[in-house]
Every structure is written in C-alpha cells, then in structure tokens.
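S.K.: Sequence and predicted structure below; questions after.
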Amino acid sequence: MAGLQPVKGTYDLLPKDRAIHRKVSETARLTAERFGFNEITTPIFEFSEVFSRTLGETSDVVTKEMFSFETKGNDKITLRPEGTAGIARAFISNALQHETPVKHFYYGPMFRYERPQKGRQRQFHQVGLELIGVDTPQADIEVIAAGYQFLSELGFADVVTLELNSLGDTESRDAYRSTLVDYLKGHYDNLSEDSKTRLETNPLRILDSKDKGDKEIVKDAPLLGDCLNETSQAFYDAVKHGLDLLGIPYTENPRLVRGLDYYCHTAFEFTTETLGAQGTVLAGGRYDGLIKMMGGPQTAGVGWAAGVERLALMLGEDCVELPRPIVMIPVSADQQDEALKLSHRLRQQGFIIDQGFSGNMKKRLNRANKANACAAILVGEDELARGCVTVRNLESGEQSEVSLDALGETLAQFNA
Ligand code: ATP
Ligand code: MG
C-alpha cells in the first residue's frame, strides 16, 4: 500500500514540531491583536475561480501550482494556495464594506504543487494580516510595522532585511510595461520559453523569473521606479517617511515584484540569509484592485503573509519545551483506583497529571523520565492509610510524604 508514506511534499507535525509552529503562530496572533487585527478563518477550499481570476491566469501559482479537483456535484474546487483571495471573497460574501477598515489576522495550511525542498512544501502554513478599506500610506506603514514587530518578537530583528519597492498605480505600471517590453524584445532569443510567453501575457512577471538566463537579462532592464507618476512617487515617499519615523530599517530593491497579479504601490519582503535559497520569510503588498476584480465594490487593501515552516526552521528545536507533567504512580494494583481518583481531582485543579497505564514502579519511573516529568506522586498502601502520598521531585530526587489536604500546595511549585 502506497499510503504508508505521507504524500510527497506533506509531513507530520509531531508534538515538538507543532509546539514550535504554535510559538510562531501565537506570536503572530498576539502581535496582530496589539495592532487591532482579529483572527478570521476562511475555508481551506474555495471555488477555483476565487484564485484563478484574481491571482492572475498567468501567475506561476495558477498555471502550475494549484491543487484542484471537481466535486461529485461538478463544482470546480481548489485547495487555497494563499490567504488573501479567500479573505477578499469573505469580505464580499459577508458585506463587510460597511465595516471598514477591516483588520484580519489568519493562520492556516496552504497548498501548492511545487517541487519539495528545504523550506518548500506542498502543504505548508502561513500567518498573515489584511487591512482592507484604507487607501492611504498609513495602512502600508501599519502593516509593515506589525510584520517587523512580529519578526522582532521572534528574535529575528537582526537577521532579516526589509526589502521595499513601489509598483506604482495602473498608469505608472502601464507606462513601465511598454518600456520593459521594448527592452525585453531586444533580448527575445535569450529569454526562457516561459518568459517568451510572459512577454505576451504579463511581462512584469519576467522580473520575478527564477531562470538563470532571464535573471541575467533582467539585471539591466529599465526600472519601474523611473516610471512612477507623481501620485505613485508621493505614495512611496510617504511609506518610507513612516518607516523612518518608526526607525524600521529597509533596503530599497527596485527589482522587487510580487508573484501574484493583484498588487500595486507598495511591495515588500523580509528576507534572511540564514535559510539558503528559500530566503523570503514574510512578503506582502498593496492590492487595491483585488476586491473589485472579484466582483465586489472598489476597496483598497494591504497585507502580508509569512511562511510558518521557514520561521520554525529559523527558531530551531530548542526554542520550546513541551509541558512537563507530574506522573501518578500507584505502588501496587491495589492503589489503582485511589490513584485514578486523585489524578482526576488534581487535573480539575489545573495540574498536568500523566498516568502510566501498566508496569511496575521502575518501569513507570523510566517512562516518567522519558516524558520529561518534573515530579512523581507515589500512592502506597501505608501512606494512604495515613491520608498521605509521597511526592518525589524528579530533578533533585528528593521526596517527602505529603498529606492529601496539602497536596495541591506542594504540587504548585511544579506546574498548574
Ligand atoms: P517563493 O518565491 O519562495 O516561492 P512566493 O512568492 O511564492 O515565495 P508568497 O506567495 O508571497 O511566496 O507567500 C508568502 C510566504 O509563504 C513566502 O515568503 C514563504 O515564506 C511562504 N511560502 C510560500 N510558498 C511556500 C511553500 N511551498 N512552502 C513553504 N513556505 C512557502
Ligand atoms: Mg512560490
């Protein structure tokens, strides 16, 4: 049976892995809340159109990376490759235009049919923010500041670089597109096959090409920044001014474009050199055209998404500890019932109590060590008769007899 291995590009999050992920997602959620963003969860699948229409028919995600299927009722469904399109759909479905600005935080699995490698899976997780309904640079500043604070809380302020660019408004991008196409046509023969197609469909995407030859050509291409009209330049300057005010360092990267079609004005990425090739940990930008493109009212938006797996890799194994239990050990089978009742009572009081289910004292103590237990409660016949149990500190090996009445107080030094 092929099913004994996880599907290519997917993997199990064992409890320790999950704890690291939770540290990432909880840090993100708490930071988001501090900026007034609350959590939303949209379905992990949507009608395929939600993505195909908005991410751009020619984007890599849509042309190559989507997990799509047809239901028994002939609906075309796609497992979400990213969070923004679903949130924009939810904005429209729930008529949230009356409640702007809408500030959402999200966390959850995303699915892309990509070649698996370090920091790149087919099922992965993202945390993200969306600020919808504000068309001024203040929103961009707020969203980037939240991203920076999130990464700083994880301890990464010194190992990430904020790269910043402006894609301008539609007019600026149209002007740039023709300049770029003129330049690229001069190098047509050396473009990759994909990029030859992109030249017709979406030339800006060539700037984001991962192909070596394309990259060489792109290096000398004209810059979008030189085509920004006055409005776009003023918008970009205001974003930079805000970041300067907050002391958030950034590097301007005039070649930064985002992989999806719906972006305008601000584009940014936090990158790191600590992860090798997969160096982008948080990426985002402004998407003023998205909600309208989907059939909703003209509504501005700006947001980011961060890859949880990549941040977990950066945190490493030692950043979290699983909860340390207190183990309950009946000295013989006769104390089994009393031990069970005592566990029940202590858990109701909030203690983390683990029970071995079988074995003698030695076996159970071994298991307790493996579970990284901090203490053991030994329930023996003689002590019980006196209304007591023995509490052993598994760090120091010290133990003492404690009356059942005082047990909660004694255990409070360990957990709860
Ligand atoms: P890349 O250039 O690495 O393919 P992208 O532009 O496709 O990234 P976005 O769509 O902006 O990425 O997603 C935001 C973040 O989600 C990325 O910066 C990355 O941290 C993470 N991410 C994207 N795709 C994957 C994946 N297949 N596996 C793990 N993390 C991913
Ligand atoms: Mg990608």
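M.R.: Cool, the structure landed. Ligands and ions are numbered 1, 2, ... in the order given.
S.K.: so residue 401 sits in a strand?
M.R.: Yes. The assignment for residue 401 (DSSP: H, G, I helix; E, B strand; the rest coil) places it in a strand.
S.K.: Run through the residues that contact the residue nearest to it when sequence neighbours are not counted.
M.R.: Spatial nearest neighbour of residue 401, excluding adjacent residues (CB to CB, 6 or more residues apart in numbering): residue 388 at 4.9 Å. Every residue, glycine included, has its C-beta placed from N, CA and C. The neighbours of residue 388, taking CB atoms under 8 Å, 6 or more residues apart in numbering as the test, are 401-404.
S.K.: again, but for residue 46
M.R.: For residue 46, the contacting residues are 77-78, 80, 85-86, 89, by CB under 8 Å, 6+ apart.
S.K.: Could you do residue 249 as well?
M.R.: Applying CB under 8 Å, 6+ apart, the residues near residue 249 are 161-162.
S.K.: for the one 3 residues further on, same thing?
M.R.: For residue 252, the contacting residues are 163-165, by CB under 8 Å, 6+ apart.
S.K.: any idea how far residue 308 is from ligand 1?
M.R.: Using CB to the nearest ligand atom, to the nearest Å, one gets 8 Å for the distance from residue 308 to ligand 1.
S.K.: neighbours of residue 158, just the number please.
M.R.: For residue 158, the neighbour count with other CB atoms under 10 Å is 6.
S.K.: what about it, distance to ligand 1?
M.R.: According to CB to the nearest ligand atom, residue 158 and ligand 1 sit 19 Å apart.
S.K.: which residues does the residue of the stretch 201-350 of the chain found nearest ligand 1 bridge with?
M.R.: With CB to the nearest ligand atom, the shortest gap between the stretch 201-350 of the chain and ligand 1 falls at residue 307, namely 2.4 Å. Beta bridges link residue 307 to residue 126 when assigned by DSSP bridges.
S.K.: What about it, how many residues nearby?
M.R.: Each residue near residue 307 was counted by other CB under 10 Å, and the total is 23.
S.K.: after the longest helix seen in the chain, next one along is what?
M.R.: Ordering each helix of the chain by length in residues (DSSP state H) puts helix 15-34 first. Going down the chain from helix 15-34, the next helix or strand is strand 38-39, by DSSP states H and E.
S.K.: Off-centre distance for that following strand?
M.R.: With CA atoms, centre = their mean, to the nearest Å as the basis, strand 38-39 stands 14 Å off its chain's centre.
S.K.: Repeat that for stretch 195-213.
M.R.: 28 Å.
S.K.: in that stretch, what's buried?
M.R.: For stretch 195-213, burial by neighbour count (16 or more other CB atoms under 10 Å) applies to 195, 198-199, 203-209.
S.K.: Is that stretch positioned near ligand 1?
M.R.: No. Using CB under 6 Å from any ligand atom, stretch 195-213 stays clear of ligand 1, coming no nearer than 7.7 Å.
S.K.: ok, now which ones touch residue 368?
M.R.: Contacts of residue 368 (CB under 8 Å, 6+ apart): 325, 327, 329, 354, 356, 376, 394.
S.K.: dump the residue contacts of the last one.
M.R.: Translated: residue 394. Residue 394 makes contact with 368-369, 373-376 under the criterion CB under 8 Å, 6+ apart.
S.K.: if we can go back for a sec, shouldn't the residue of the stretch 201-350 of the chain closest to ligand 1 be in contact with residue 112?
M.R.: No. Contact between residue 307 and residue 112 fails when scored by CB atoms under 8 Å: they sit 11.0 Å apart.
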